[in-house]
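[1] Fold the following for me, if possible:
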Amino acid sequence: MALLTLTNAHLAFGHVALLDHTDFALETSERVGLIGRNGTGKSSLLKIIAGLEKPDDGELRLQQGLRLALVAQEPVLDPQATVFEAVSEGLAEVKSLRARYEAHDASDDLDAIQTRIEAMDGWTWEQRVTETLERLQLQPEAQVGPLSGGTRKRVALAQALVAAPDVLLLDEPTNHLDLDAIRWLEELLRAYRGSVLLITHDRAFLDAVATRIVELDRGVLRSYPGNFAAYEATKQRELADEALARARHDKLLAQEEVWVRQGVEARRTRSVARIKRLEVLRTQRAARRDVVGRVALEVVAGSRGGKIVAELEDVSKSFGDKTVVSGFTGTILRGDKVGLIGANGAGKTTLLKLILGQLDPDSGRVRTGSNLQVAYFDQMREALNLDATLADTISPGSEWVEIAGQRKHVMSYLGDFLFAPARANSPVRSLSGGERNRLLLARLFAKPANVLVLDEPTNDLDIDTLELLEELLANYPGTVFLVSHDRRFLDNVVTSTIVNEAPGIWREYEGSVEDWLQQSERARALQAAAAKRGGAAAPAAVVAAPAPAPSVVTTAAPRRSKLSFKEQRELDELPARIEALEAEQRALGEQLADPASYAAGKDAAALQVRFTRVEDELLAALERWETLGSR
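    Residues are numbered from 1 along each chain as shown. You can find the predicted model right below:
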């Protein structure tokens, strides 16, 4: 039996229906990921289920005694309370029962109170609060008022988690959490005995947690069993079928429009039915709510800088007794896509300022490249004037913005980021969190730059926009510094990572987050093996550094053999072959993404087979190029 059921729900703002007479049910022990474009009504749906808002029409039914807890995007907390007090508010009922039991009031049924406390695991509520605070790296004595928005979000999350409700409602729970906290939250939700309904655009998080995906699309809720990867596969087939059906409908409509304009034939009595069918087709076409447009992202690359962006040698930086960077050495080249990974407060911003020459080190040497044009994306949105209009935010005092050497009207440019012309003169404060992030991206990409610094750009962005942003950054010719806790986003963009592994200790790794995690696992395995063989712990250097590749772990470097004539010729030809394979791979990918490829008579399966084969050939060519090049 469902824990809660929403039937025939309707909710509209203006002429747009966010919920269009749709249904939803949540079963016991389900973990449902609610996804959809920004502004489609996901947060409103969560508030309706939590009882904070009412739909215009429809019915919400809950099981008797069902306990729900909601963590909103912008939580409301008592600014005068300590963090411990704020989090313990999630256990208000337990605290009240304990106080009544310990007061020994003769009018109370102490046996019943004791039974209720035990059922809610209330004897150790202080321990539950303390453990949750430690997991989310929260200071229990800190006052809530001065806390940053991200820290306040973690306090609200802790408040809901300690209550252990039957249904946990989470609106963007991973925003501002670091990777360790996100992985802890994944484990907690997978082991959670209640049901979970969450809104998130973190695809890796959805893959790890969700047992079902529900998409809010054009006012209707559609359910897909499984995690996000399963949803993607099913959705691709659905979109192809939908595009084909619409193409057939539009073709029939066009034929009927031609027929009705022939005049005499259309006025005959026996053709009345055909005219009525045409009217139905017109009505259906007019009522069709097409798929929401996609953001058109384009960035101005700016002038070409030098080959080296920054070179750091044994750089250290401290603030008082706290060492933020200790002995860091690294080189950043033009075109590098660098992900910075570390817990909140580890010093990612400080390291970035050192790299870009905006902060002097206490010791060591920093050499920055020539002609650096840096553009910033600020995760706290402090750069936005809430009273300014959208148009003035993009292009103050002018109706035009220059993109890639071409003038573009600010209305058209805002349209590329899915802002309707009617909203161009609206104040920034009227935007949702996701819309403000989109506006920041629009302003960022309107500025010429050869270095992009993106601090948590993925917060509140919908999945379609995330994928387009990934593609843009991957093809961007300049240098990118990316601070994000979205693992899938990092994996799809970065070419290297700089990771905080201990206070002040930063190390650079080639590859993505997944590569770094695999290297870290190998390092721990080596440490354990070394400790087992020697009966003692491995040296600290072995603990911190990843395991070297097998080809490097040798007592002496192997002698490099000279390439034969045939091998040298093969090496010379490989770059052209790799380029050709990459071009074919891109072309095949575009065909597979085009719904027309799935129309009748088209062999989409053959395209997929060739795409896989090209991918294998490209990987083999890259590995061969690396092998021959190293010799």
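
[2] same for the helix or strand harbouring residue 92, what does it pack against?
    Using DSSP states H and E, residue 92 sits within helix 92-103. Counting contacts by 3 or more C-beta pairs under 8 Å, 6 or more residues apart in numbering; DSSP states H and E, helix 92-103 packs against helix 110-119, helix 125-135. Yep, even glycine has a C-beta here, placed from its N, CA and C like the rest.

[3] Report the angle between it and helix 125-135.
    Orientation check (axes from the mean of the first three to the mean of the last three C-alpha atoms, to 10 degrees): helix 92-103 against helix 125-135 gives 140 degrees.

[4] Show residues contacting helix 92-103.
    88, 108, 110, 113-114, 116-117, 120, 122-123, 125 (C-beta atoms under 8 Å, 6 or more residues apart in numbering).

[5] For those residues, pick the one with the most neighbours.
    Highest neighbour count within these, by other C-beta atoms under 10 Å: residue 88, with 24 neighbours.

[6] Check the offset of the helix holding residue 92 from the chain's centre.
    Distance of helix 92-103 from the chain centroid (C-alpha atoms, centre = their mean, to the nearest Å) equals 41 Å.

[7] Now that helix: average pLDDT?
    Averaged over helix 92-103, pLDDT sits at 83.

[8] do the same with stretch 472-491
    On average, stretch 472-491 scores 86.

[9] Let the chain start at 369 from now.
    I'll keep to 369 as the first residue from here, and by that count the last item is stretch 840-859.

[10] measure that stretch end to end?
    Distance between the two ends of stretch 840-859: 14 Å, counting by C-alpha to C-alpha, to the nearest Å.

[11] circling back: mind putting the helices and strands packed on helix 460-471 in JSON lines, mean pLDDT and distance to residue 564 included?
    Formatted as JSON lines, these follow (pLDDT from 0 to 100; distance: least, C-beta to C-beta, whole Å):
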{"stretch": "helix 478-487", "mean pLDDT": "82", "distance to residue 564": "21"}
{"stretch": "helix 493-503", "mean pLDDT": "88", "distance to residue 564": "16"}
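
[12] and these, which is most packed in?
    Highest mean neighbour count of those: helix 493-503, a mean of 17 (counted as mean count of other C-beta atoms under 10 Å).

[13] Can you dump the C-alpha atoms of it in CSV for me?
    Extracted in CSV, the C-alpha atoms of helix 493-503 (Å, rounded to 0.1, in the frame of the first residue of the first chain):
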residue,chain,number,x,y,z
TRP,A,493,19.0,11.4,21.1
GLU,A,494,22.0,13.6,22.1
GLN,A,495,24.3,10.9,20.7
ARG,A,496,22.4,10.9,17.4
VAL,A,497,22.7,14.7,17.1
THR,A,498,26.4,14.7,17.9
GLU,A,499,27.1,11.9,15.4
THR,A,500,25.2,13.6,12.6
LEU,A,501,27.0,16.9,13.3
GLU,A,502,30.3,15.2,13.0
ARG,A,503,29.4,13.5,9.8
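
[14] ok, residues contacting that helix?
    With contacts defined as C-beta under 8 Å, 6+ apart, helix 493-503 is touched by 451-452, 455-456, 459, 462-463, 466, 489, 507-508, 526, 529-530, 549, 552.

[15] any idea how far the residue lying closest to residue 855 once chain neighbours are set aside is from residue 825?
    Leaving aside its sequence neighbours, residue 855 sits nearest to residue 572 (C-beta to C-beta, 6 or more residues apart in numbering; 4.3 Å). For residue 572, the distance to residue 825 equals 16 Å [C-beta to C-beta, to the nearest Å].

[16] Between those two, tell me which one has more neighbours.
    Taking neighbours as other C-beta under 10 Å, residue 572 and residue 825 compare with residue 825 leading, 25 against 22.

[17] Surely that one is in contact with residue 707?
    No - contact between residue 825 and residue 707 fails when scored by C-beta atoms under 8 Å: they sit 12.0 Å apart.

[18] got a pLDDT number for the residue nearest to residue 855?
    Per-residue confidence at residue 572 stands at 91 (pLDDT).
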